[in-house]
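>>> Build me a structure from this.
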Amino acid sequence: MNSAMTSRIKLSVAYVLRAARTACGTLPASVHLQHNSYGRQDCLKTGTKHDCSAMDKGRGLIFRQLFEATSSTYTYLLGDLESREAVLIDPVLETVDRDVKLTEELSLSLKVAVNTHCHADHITGTGILKKKLFGCKSAISLHSGAMADIQLSEGDCITFGKHSLVVRETPGHTDGCVTLVLNDQSMAFTGDALLIRGCGRTDFQQGCPQKLYQSVHKKIFTLPGHCLIYPAHDYKGQMVSTVDEERKFNPRLTKTQEEFVEIMDNLNLPKPGKIDIAVPANLVCGLHEV
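The predicted structure follows:
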């Protein structure tokens, strides 16, 4: 067999294998590389959504997950790489200086400090942040009853550069709970509505287990399965989950609504230690002594 015939056979075999992989839904590497430079919608069409999800988070988005140990609260800093505009989610009074320092170190301009709800276990740092960082505005749900520069409702967007956080109202823990979803639906900041393998309690501050169950199933579990879940708190050292994981493994929210209500009505948890101080303070943006 001469070399020319050998080359033609190799090319034919390669073509057949490539066609078979394409027919089975596994695209050749060259096609993946081509589509990886496109936006999320194009990637979803080619079946490479997981690759694109990872790239979307890294493409021009600055992200930091921060922790306050006393109340086990997560604070999230998101910034736009080009414009340097930023948003801070659920700041805590005791860690304001840390947040200001990080914002300045990263050369970010904080546009909005937003609370996912009126917290009962810590005082928000939003009011002090406004005093320390010129141009920063406060934001919270319209239904929270709390003061803020921006009163958020379903579908509102908090923009920072080319990115935005879309508001989904998720009441149940409190009437004013919201989930903030990154515009490409790769990340969701769920406050106390959905925790990692848990959820916020429903026995105070307008709590209602029926509302919470419906909120999670209709507003959070309808997000893409690969969407990353970032809660306001965790007490076991867990940092992130996904919609798919919580739909499958959350021990409360995988139950029926009736079973969920029974669980929540019988938790018998102690009263939050700071509730009598934190809630009145958070109703006035954490500036109760000013």
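
>>> which regions of the stretch 1-150 of the chain lie under the pLDDT threshold?
Applying pLDDT under 70 to the stretch 1-150 of the chain flags the ranges 1-59.

>>> And the helices in it?
For the stretch 1-150 of the chain, helices defined by DSSP state H, counting those that start in this stretch occupy the ranges 3-23, 29-35, 40-46, 49-58, 96-105, 126-132.

>>> quick one: secondary structure of the spatially closest residue to G198 that is not a sequence neighbour?
Nearest non-adjacent residue to G198, counting by CB to CB, 6 or more residues apart in numbering: R252, 6.5 Å away. (C-beta placed from N, C-alpha, C; glycine too.) Going by DSSP: H, G, I helix; E, B strand; the rest coil, the secondary structure assigned to R252 is coil.

>>> Next, the contact list for R252, please.
The contact partners of R252, by CB atoms under 8 Å, 6 or more residues apart in numbering, come to 198-199, 260, 263-264.

>>> Look up how far N268 lies from it.
Using CB to CB, to the nearest Å, R252 is found at 15 Å from N268.

>>> just A146 next, same as before
28 Å.

>>> how about the strands in the stretch 101-250 of the chain?
In the stretch 101-250 of the chain, the strands defined using DSSP state E, counting those that start in this stretch lie at 109-114, 137-141, 150-152, 157-160, 163-169, 178-182, 187-191, 194-195, 198-199, 228-231, 241-242.

>>> same for the first one, what does it pack against?
I take that to be strand 109-114. In terms of contacts (3 or more CB pairs under 8 Å, 6 or more residues apart in numbering; DSSP states H and E), strand 109-114 is packed against strand 85-89, helix 126-132, strand 137-141, strand 150-152, strand 157-160.

>>> Out of those, which gets nearest to V96?
When the helices and strands packed on strand 109-114 are compared by CB to CB, helix 126-132 sits nearest V96, at 4.8 Å.

>>> which outside residues touch the closest one?
88, 91, 93, 96, 99-100, 110, 113-115, 136-138, 148, 284-287, 290.

>>> If any of these are buried, put those into a PyMOL selection.
Buried subset of the contacts of helix 126-132, written as a PyMOL selection, criterion 16 or more other CB atoms under 10 Å:
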select buried, resi 88+91+93+96+99+100+110+113+114+115+136+137+138+148+285+286+287
